[in-house]
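Asker: coords below, sequence missing:
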């Protein structure tokens, strides 16, 4: 087998898992013989991914290990007889979870230590963004390159909006949308504070839609904040939704707003570009690298300034059009053809023939 890709967990609908499978399909398209293995496999995906227990290292010329969280499975990778190619998405710093989720706190601490353990095992490393690549370089990884997370944009074409969602939310209110796990590093509390300012000083006709799988302890904190600010009725928390419903929320959104303070790439930025929703984001971690010269970045969390800027741009068709045009151009950088070309260049240089 030319290239075997391995990860700990493959879950249906998860961005990292989607990338794991899409990257393999891209490698096949380049003419390589490939296979996928995982330690834990969602039953919906067991037709595409094989159990790691069945993996024979002697059958693989090149092993790509996709790494995004602390896991005891790393020990199995360290035991392999040959070196590996690492694909690093990034690991959220543990400090974000302190006092909120001690299990995740310990897991992310473990992941950072394991990254250093993997260094000696790694012949070459890919990172999901320049931000993540620089982190690898700063941690002593020698040969590194950026391969963005693969977002199969064809999956989003011809998706009909859920009529119920469209009817309920496509109204006279301004819809501020954020898509992503409801977790502390994403700073949903700052989105809620932004909504409070917008509602009280710009327009009462506004709502915040939060699409993503919730972490219970963090959600409880958010609900207390919403109650204190008396805006609970203006925040929609959908929980985990189907692919169609997620696309539907993009279709009713007026603005995609991100206050996250740590991202390794952030696939929803690409999705917002695809649905031509203007992006407003806090300048942190990989976010400026994913946006490139598109969207609107803020280097301070001045909620008044951010709210007035969003409102001004949404009301100004010319400026909004210019922002969307820049996002369209940036979206082209994430085409499968472009990413496949980057893959091909690195494989020719670093992989065993």
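Answerer: Alright, I've got the coordinates. Everything quoted here is computed from the prediction, not taken from an experiment.

Asker: residue 158: neighbour count?
Answerer: Burial of residue 158, expressed as a neighbour count using other Cβ atoms under 10 Å, amounts to 6. Backbone N, C-alpha and C define where each C-beta goes, glycine included.

Asker: contact partners for residue 269?
Answerer: If you count contacts by Cβ atoms under 8 Å, 6 or more residues apart in numbering, residue 269 has them with 256, 258, 279, 281, 287, 290, 291, 295.

Asker: quick one: it and residue 206, what's the gap?
Answerer: Applying Cβ to Cβ, to the nearest Å, one obtains 22 Å for the distance of residue 269 from residue 206.

Asker: ok, residue 132 next?
Answerer: 34 Å.

Asker: ok, those two, which is more surrounded?
Answerer: Residue environment comparison for residue 132 versus residue 206 gives the larger neighbour count to residue 132, 25 against 21, counting by other Cβ under 10 Å.

Asker: where along the chain do the helices fall?
Answerer: Using DSSP state H, the helices of the chain run over 15-29, 74-78, 102-119, 130-138, 163-169, 188-201, 216-229, 243-252, 267-274, 287-291, 303-315, 317-332, 336-350.

Asker: closest to residue 84 out of the ones you listed?
Answerer: Comparing the helices of the chain by their distance to residue 84 (Cβ to Cβ), the top pick is helix 74-78, with 6.5 Å.

Asker: just the buried residues of that closest one, please?
Answerer: For helix 74-78, the neighbour count (16 or more other Cβ atoms under 10 Å) marks 74, 76, 77 as buried.

Asker: stretch 266-281 now?
Answerer: By 16+ other Cβ under 10 Å, the buried positions in stretch 266-281 come out as 266-281.

Asker: give me the number of residues near residue 160?
Answerer: Using other Cβ under 10 Å, residue 160 has 10 neighbouring residues.

Asker: what do you get for residue 134?
Answerer: 15.

Asker: what's the pLDDT at it?
Answerer: At residue 134, the predicted lDDT confidence score is 97.

Asker: gap between it and residue 349?
Answerer: The span separating residue 134 from residue 349 equals 20 Å under the rule Cβ to Cβ.

Asker: so the nearest residue to residue 237 once chain neighbours are set aside bridges to which residues?
Answerer: Counting by Cβ to Cβ, 6 or more residues apart in numbering, the nearest residue to residue 237 once its immediate chain neighbours are dropped is residue 210, at 4.9 Å. Beta-bridge pairing of residue 210 under DSSP bridges involves residue 178, residue 237.

Asker: contacts only, for residue 210.
Answerer: With the criterion set at Cβ under 8 Å, 6+ apart, residue 210 makes contact with 178, 182, 188, 191, 235, 236, 237, 238.

Asker: now swap in residue 76 and tell me
Answerer: With contact set as Cβ under 8 Å, 6+ apart, residue 76 has these partners: 39, 52.
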